[in-house]
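[1] Pasting the sequence and the predicted coordinates here, then a few questions.
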Amino acid sequence: MTNSIEEIEDAECIFLIGTNTSEAHPLIARRVMRAKEKGAKLIVADPRMIQLARFADVHVRQRLGSDVALLNGMMHIILKNGWQAAEYIANRTEGFEEFEETVMGYTPAKVEAITQVSIRDLEQMAEYYAAGSPSALLYAMGITQHTTGVDNVKSCCNLAMLCGNVGVRSGGVNPLRGQNNVQGACDMGCLPNVYPAYQPVTNEAAREKFSKAWGRELPGNAGLTITKMIPAMLEGTLKGLYVVGENPVLSDPDAHHVRSAFAKLEFLAVQDLYMTETACLADVVLPGVTCVEKSGTFTNTERRCQLLTQAIKPLGNARQDWEIISDLSTAMGYEMKYQNSEEIFEEMKQLTPSYAGMSYERLGLDGLFWPCPNSEHPGTPYLHKDTFTRGLGKFHPIGYKDPAEMPDAEYPYFLTTGRMFAHFHTGTMTRKSAHLHHEQKTGYVQMHTGDAKKLGVKTGEMVRLSTRRGEVEIAVVISDMAQEGTFYVPFHFAEASANVLTNSASDPVAGIPEFKVCAVRLDKIVHGENRK
Amino acid sequence: MEYKLVPSICSYCGCGCGVLFEVMDGQLVGTMPLKSHPVSQGKLCIKGWNLHEHVISEERLQTPLLKTNGALQEASWDASIQTTAERFKKIIAEHGPDSVAVLASAKVTNEENYLIQKFTRAVLGTNNVDHCARL
């Protein structure tokens, strides 16, 4: 997030796009409701009738995967009416002319045809967003998990800059991150192209700095992203894999394909809390511990680094994850001897400028926002104040592109995936919890009344969903939360796995798979039929 | 009876809400909201309130497992670590460092993620390290 969570409640307008905030980030949804109580306008763009849509001043249900057109349409209307922040654009940005030319091609009529959003709603969205001073834009995987994920994000940034909403309190472009420490894992350089604090592995000075600190020669070529690792495993060029605390067999798209890739590995080590679907395929399983059994830090979605305190001893023979990694390293001839997590933090911050001013003592109970470059620095609740990190903010001209797979005669419906309130990701944690299991015991496909009537199916009925990748048998839930023509399947449940169905086509730049859009067919299960 | 509340951070979504773990005689018995926390201000969602339940689940792995004669069997830490180290060394010796990869985790700490990428780059000798940010 460019801005902090508490700032949301002072925004004059909040624009939620591709985030089911009250189910996936409930304590951020609370701030949205607080803002609403203080008089803010709320815009929701989501194909589904999500809970927060009920409180929206305008809710639009754009056709799945049409976000670039929707955002360009809003910007077209803003420019036509002269609602843009002209002074901000002149002083703080570049690339405006070329961007403007592209956006002017997205007339309301054209946008209505692509997105199925009425011109009247489009105008209302544009007016509310442009009038808010400031307006906060919040998005989640509904924006990013597309073959046009990068285009979608850039379009959100274009809109925010157009109205001068970046670099101001309570404004910003705010991705809501789905995992407790996904921000931290990125900050720490668990990406194939960057060291901690996003220092590129291909940059010679950066490589030299880390090489010197770690006392080893370091490779200068960027590595493989997870979406590239799967094909490399299938081709046999990637032979050994060490997986820490992830369940790719369930979380990755096109699950059958992923399973056959894992089967080809020469060696698989998995470090986890449970026998996950991935751990079942391993040669070695190493039991780590939960956040309750360890000390250390997590960095949340607003870039706040926070301290955990160990509350109980590790269960049974399980060990601290950092101890396991250190021992493995030592066994491979590179000695790692740390007394505790704080000692690792102290080493990390010497090499990570955005964390350099932090210490366990300074983090205390409230944590600190990065960048925090020195020990006197109070931390940075919102980014790009006065100047962007790159200097001038850059407008990108972005044209609309169709998703990789659209419905056709054979697969006539859209399928989208997501989370529901009681469960988390692949369910490895939440499905172990009695109270959460009680809320939702298994998977389902949510569909609109109209579609259910047409197909002759009832709530609770088991049906077969098939895509070009695979098929699952799953129970129907009829709900007008679903958009007509679009089915929704939560991805928490291995026995009704959404990712057997999803498309692994991914964004060419970010490598993120298109979980949010594919084409699907539904067949009734005929009684007495032989099941596969 | 010894009862204590330990301040910490919820490990589900990216909100980063403040929690208090309830510990009675060394056993985890509950999760409470942390009133003063700047993000959650004394509130939690249904997942946060039940955070302790997955920790004390009977399904938790409590000992290393090593594949022996085609099946995973309980093993010592020494044997498990040694086997892992030897298998990686062998693959790297035969096929080079880019024939191995590591998936780090959005669930473990910053300190652990720092070590994972350091291990991948300095010890295995490859930049093949990623995690589930895209998933």
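    Nice, I can see it. Residues are numbered from 1 along each chain as shown, chains lettered A, B, ... in the order given.
[2] centre of the chain versus the helix or strand of chain B with the lowest mean pLDDT, how much separation?
    One helix or strand of chain B scores below all others by mean pLDDT, DSSP states H and E: helix B:51-55, with a mean of 93. Here helix B:51-55 shows a centroid-to-chain-centroid distance of 14 Å under the convention Cα atoms, centre = their mean, to the nearest Å.
[3] pretty sure residue A:201 contacts residue A:220?
    Yes - applying Cβ atoms under 8 Å, one finds residue A:201 in contact with residue A:220, separated by 6.7 Å. For every residue, glycine as well, the C-beta is placed using N, CA and C.
[4] Give me the three-state assignment for residue A:445.
    Following DSSP: H, G, I helix; E, B strand; the rest coil, residue A:445 is assigned to strand.
[5] and it, what are its bridge partners?
    With DSSP bridges as the criterion, residue A:445 is bridged to residue A:476.
[6] Which residue lies nearest the spatial centre of chain B?
    residue B:108 (4.4 Å; Cα atoms, centre = their mean).
[7] Am I right that that residue falls within a helix?
    No - going by three-state DSSP, the assignment for residue B:108 is coil, not a helix.
[8] Just the pLDDT at it, thanks.
    Residue B:108 is assigned 96 on the pLDDT scale.
[9] follow-up on the earlier one: who touches both of residue A:201 and residue A:220?
    Common contact partners of residue A:201 and residue A:220 (Cβ atoms under 8 Å, 6 or more residues apart in numbering or on different chains): residue A:207.
[10] more neighbours, the two?
    residue A:201 (21 against 12; other Cβ atoms under 10 Å in any protein chain shown).
[11] Break chain A down into its domains, please.
    Per automatic domain parsing, the domain ranges recorded for chain A read A:6-176, A:182-369, A:413-524.
[12] gap between the two ends of the first one?
    So that's domain A:6-176. 14 Å (Cα to Cα, to the nearest Å).
[13] repeat for stretch A:337-344
    One end of stretch A:337-344 sits 10 Å from the other (Cα to Cα).
[14] For it, buried residues please.
    Along stretch A:337-344, these residues count as buried under the neighbour rule (16 or more other Cβ atoms under 10 Å in any protein chain shown): A:338, A:341, A:342, A:344.
[15] quick check, the host helix or strand of the third one touching chain B?
    In this case it means residue A:342. Using DSSP states H and E, residue A:342 sits in helix A:341-351. Yes - under the criterion of Cβ under 8 Å from any Cβ of the partner chain, chain B is reached by helix A:341-351 at A:341, A:344, A:345, A:347, A:348.
[16] quick one: the following helix or strand past that helix near chain B?
    Later in the chain than helix A:341-351, the nearest helix or strand by DSSP H and E is helix A:360-363. No - counting by Cβ under 8 Å from any Cβ, chain B has no neighbours in helix A:360-363; the shortest distance is 10.5 Å.
[17] do stretch A:231-250 as well
    Yes - Stretch A:231-250 reaches chain B (Cβ under 8 Å from any Cβ) through A:232, A:237, A:238, A:239, A:240, A:241, A:242, A:243, A:244, A:245, A:246, A:248.
[18] Give the buried residues for that stretch.
    For stretch A:231-250, by 16+ other Cβ under 10 Å, it's A:232-234, A:238-250.
[19] Please flag which of these sit within helices.
    A:232, A:233, A:234, A:248, A:249, A:250 (DSSP state H).
[20] Can you pull the residues of the stretch 1-150 of chain A lying near chain B?
    A:5, A:6, A:24, A:25, A:26, A:27, A:28, A:30, A:144, A:145.
[21] my read: the first one touches residue B:15, true?
    Yes - if you go by Cβ under 8 Å, residue A:5 and residue B:15 touch, sitting 7.1 Å apart.
[22] residues shared between the contacts of these two?
    A:27, A:28, A:301, B:39.
[23] Quick check, the first one in contact with residue B:38.
    I take that to be residue A:27. No - between residue A:27 and residue B:38 there is no contact under Cβ under 8 Å: 11.0 Å.
[24] Compare neighbour counts for these two and give me the winner.
    residue A:27 (24 against 18).
[25] Just the pLDDT for that one.
    In this model, residue A:27 carries a pLDDT of 97.
[26] now the one 10 residues further on
    In this prediction, residue A:37 carries a pLDDT score of 97.
[27] Please apply the same query to residue A:32.
    At residue A:32, pLDDT is 98.
[28] what's the closest non-adjacent residue to it?
    residue A:14 (5.6 Å; Cβ to Cβ, 6 or more residues apart in numbering or on different chains).
[29] That neighbour falls within a strand, correct?
    Yes - the assignment for residue A:14 by three-state DSSP puts it in a strand.
[30] Run through the residues that contact it.
    Residue A:14 makes contact with A:8, A:32, A:35, A:36, A:40, A:41, A:42, A:43, A:135, A:136, A:138, according to Cβ under 8 Å, 6+ apart.
[31] Out of those residues, the closest to residue A:107 would be?
    Comparing the contacts of residue A:14 against residue A:107 with Cβ to Cβ places residue A:43 closest, at 20.5 Å.
[32] what sits against the nearest residue to residue A:148 once chain neighbours are set aside?
    Distance criterion Cβ to Cβ, 6+ apart; nearest residue to residue A:148, sequence neighbours excluded, is residue A:401 at 5.3 Å. Counting by Cβ under 8 Å, 6+ apart, residue A:401 makes contact with A:68, A:147, A:148, A:151.
[33] Straight-line length of stretch A:139-154, end to end?
    End-to-end for stretch A:139-154, by Cα to Cα: 12 Å.
[34] next one: stretch A:418-432
    Per Cα to Cα, the first residue of stretch A:418-432 is 20 Å away from its last.
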